[in-house]
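K.L.:
Please work out how this folds:
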Amino acid sequence: MTEKEKCEAGLLYNANYDQQLISERVACKDLCLEYNALKNSDTQNRTQLIKKILGNTKENICIEPSFWCDYGYNIETGENFYANHNLTILDCAKVKFGDNVFIGPNCSFCTAGHPLDVKQRNEGLEYAHPITVGDNVWLGGNVVVLPGVTIGNNTVIGAGSVVTKNIPDNVVAVGNPCRVIKNIDEK
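P.N.:
As a prediction, this is how the structure comes out:
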């Protein structure tokens, strides 16, 4: 089993020394650097390049520079996706965003995690668990979403939150760790 196959299976894998994964990350980061250097007025090239970087997107997508990801091909965005400046997606596993997702500045989505065992960690082993963000979700600035988290539809995540566990549909959740503080009335 290759390191990439181990990663896709949610097993411990070695991302630091596997040449296939290293070359894929380098190629993606080169594209991110190119994207971040484009003028904001160059909307046609920005759109073409972001769609080249990401695995699957709908038509209406806007990611303000700077934007960084590890592989790109593990990221899927729905329609009307907007991310403000300084979005980071460590997409070792799938990261899926629904329709009408709005992300504030300085947000991070981290599918990678590291073992508690120091020997394994020092060997460069890590694991990756997918992140899913539902439809009509708004994430405030400086939000961090950790491996394996699902955020439900119609939910608001308050600025500065660290999302360590799943958040249900139709709620406002805030804090570190992020927790539900109120339901959103459908009226």
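
K.L.:
after the longest helix that the chain contains, next one along is what?
P.N.:
Using DSSP state H, we find that the single longest helix of the chain is helix 19-37. Later in the chain than helix 19-37, the nearest helix or strand by DSSP states H and E is helix 43-53.

K.L.:
Which residues lie in contact with Asn45 in this structure?
P.N.:
By Cβ atoms under 8 Å, 6 or more residues apart in numbering, the residues touching Asn45 are Leu38. Where C-beta positions appear, they are placed from N, C-alpha and C, glycine not excepted.

K.L.:
ok, now how distant is it from Asn80?
P.N.:
21 Å (Cβ to Cβ, to the nearest Å).

K.L.:
what's Arg38 sitting at in phi/psi?
P.N.:
Let me fix one detail, which is that residue 38 is Leu and not Arg. For Leu38, the backbone dihedrals (degrees, to the nearest 10) come out as phi -70, psi 150.

K.L.:
count of neighbours near it?
P.N.:
Each residue near Leu38 was counted by other Cβ atoms under 10 Å, and the total is 16.

K.L.:
Go ahead and confirm it touches Pro65.
P.N.:
Yes. Counting by Cβ atoms under 8 Å, Leu38 does reach Pro65; the two are 7.4 Å apart.

K.L.:
close enough to count as contact, Val156 and Asn170?
P.N.:
No. Look at Val156 against Asn170 with Cβ under 8 Å: they stay out of range, at 9.6 Å.
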